[in-house]
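S.K.: Return atomic coordinates for the entry below.
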Amino acid sequence: MNQINPEELLNKYKAGECTVEELALVQGYIVHEGITPQDLLSMEDELEEYKTTTGRLPLKIKRRIWPGNLLMVAATIIVVCGLFTLLSKEDTNTINYAGDVQPGGNKAVLTLENGQKIQLSDAKSGIVVDASKLTYNDGTVINNEQSKTFSISTPRGGTYQVRLPDGSVAWLNSASSLTYSAPLKGDGGSRRVKMTGEAYFEVAKDKEHPFVVSTDKQTVTVLGTHFNINSYTDEPSVKTTLLEGSVRVDLLSASGGAVKGKAKVLKPGMQAVNTGTALDIKEVDPGIAIAWKNGEFAFKNESLEDIMKNISRWYDVEVVFEDEAAKRKVFGGSISKFEKASKVLCMLELTGDVKFKISDGKIIVTN
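M.R.: Model (predicted):
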């Protein structure tokens, strides 16, 4: 490659016409240096120096937390992974795509008080539940049978939305459940639901009737707000992240009662981490906590072990680590959940710090 023209280089990059050398240069500078494609337009000298310093071979991108807007990063990663096949012709150390895994989708089962189970439509995204009838969120009737207790559960690789009688909406992540009894308002007029797994709530405002979400380790009490609860049994802690309004988180004792003096009130942008014995509060990017609800994997300074738990649930596959030390490696980035598993693994492989293969329905993390 002769003297670099940034605009020409970016046009070739977007059109998928880069040589292996040019592709490595753009990927390396965008991902490794953490800048946007637009920034490259005025960086002719820097690109020339970078090419001279790094050499002409495809780069091994260092593991790091990519700075800047996650949506820009996500777009960049998707483009990089889309062009990754160009590099694979020159570099054999790429993902084994044999047996690639499709992403999850709209899957859930609704259980009524009498034990009847209704397999909800994969072609629909949510339901509207009240005491008189059940419909999908497009108005299609599911069942006219009255029931006092409703429980909706998603399998691994499933997600579904639920609109409750008070107008509150919950989005269930994979391997999660939500249960409530009609008419929703229970003791003291509180609106009460129970959940397992992970769910994002947008609670209808009602000052007279607090909305209470119970898990096995805590209760969250709100009047009207947006928040996310991650309460998987295979996670070491329960994480409650607030996006709007305020919530009170109560730590529960072994007997199920609230532990006095342990309650915490969250403000937007704060997360309560319940370890079972204490509630720790920290500031977080709430957009990362609800990325799953918006159709993305997003992680920041997160261990590969935790990342692979999310991938395992969504693609309903077993993850095997051949190297235990790989679990502790830390990554950051964002990509659509609706890509095949290989695209997500490709993003992680571009760091040069980890390798994967897909075999017999398993994702294997190799040395």
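S.K.: so where's the stretch 1-150 of the chain shaky on pLDDT?
M.R.: Across the stretch 1-150 of the chain, the ranges flagged by pLDDT under 70 are 1-7, 9-98, 131.
S.K.: now do 90
M.R.: For the stretch 1-150 of the chain, the stretches with pLDDT under 90 are 1-101, 113-114, 129-134, 143-149.
S.K.: any idea how far P165 is from N310?
M.R.: Noted for P165: a distance of 31 Å to N310, by C-beta to C-beta, to the nearest Å. Every C-beta, even on glycine, is put in place using the N, C-alpha and C of the backbone.
S.K.: The two - which one has more neighbours?
M.R.: N310 (22 against 18; other C-beta atoms under 10 Å).
S.K.: Find the helix or strand that the more buried one is a member of.
M.R.: Using DSSP states H and E, N310 sits in helix 304-315.
S.K.: just the strands in the stretch 201-350 of the chain please.
M.R.: For the stretch 201-350 of the chain, the strands defined by DSSP state E, counting those that start in this stretch cover 211-214, 218-222, 226-231, 238-244, 247-251, 264-266, 270-274, 279-283, 296-303, 318-321, 330-336.
S.K.: Pick out the shakiest of these, pLDDT-wise.
M.R.: Among these, strand 330-336 has the lowest mean pLDDT, at a mean of 82.
S.K.: Please parse this structure into its domains.
M.R.: Domains of the chain are assigned by automatic domain parsing as 6-59, 69-94+303-367, 105-289.
S.K.: From the opening residue of the last one to its closing one, how far?
M.R.: Separation of the first and last residues of domain 105-289 by C-alpha to C-alpha, to the nearest Å is 19 Å.
S.K.: hey, what's the residue lying closest to V213 once chain neighbours are set aside bridged with?
M.R.: Counting by C-beta to C-beta, 6 or more residues apart in numbering, V220 is the residue found nearest to V213 once chain neighbours are left out, at 4.5 Å. Under DSSP bridges, the beta-bridge partners of V220 are V213, V249.
S.K.: Tell me which residues touch V220, please.
M.R.: Contact partners of V220, counting by C-beta atoms under 8 Å, 6 or more residues apart in numbering, are 212-213, 227, 229, 240, 247-250.
S.K.: Now do the contacts for A272.
M.R.: 239-240, 249, 264, 266, 279-281.
S.K.: Export the strands of the stretch 201-350 of the chain as a markdown table, with columns for distance to G257.
M.R.: Converted to a markdown table, the strands of the stretch 201-350 of the chain look like this (distance: least, C-beta to C-beta, whole Å):
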| stretch | distance to G257 |
| --- | --- |
| strand 211-214 | 12 |
| strand 218-222 | 10 |
| strand 226-231 | 18 |
| strand 238-244 | 17 |
| strand 247-251 | 9 |
| strand 264-266 | 17 |
| strand 270-274 | 15 |
| strand 279-283 | 15 |
| strand 296-303 | 33 |
| strand 318-321 | 37 |
| strand 330-336 | 38 |
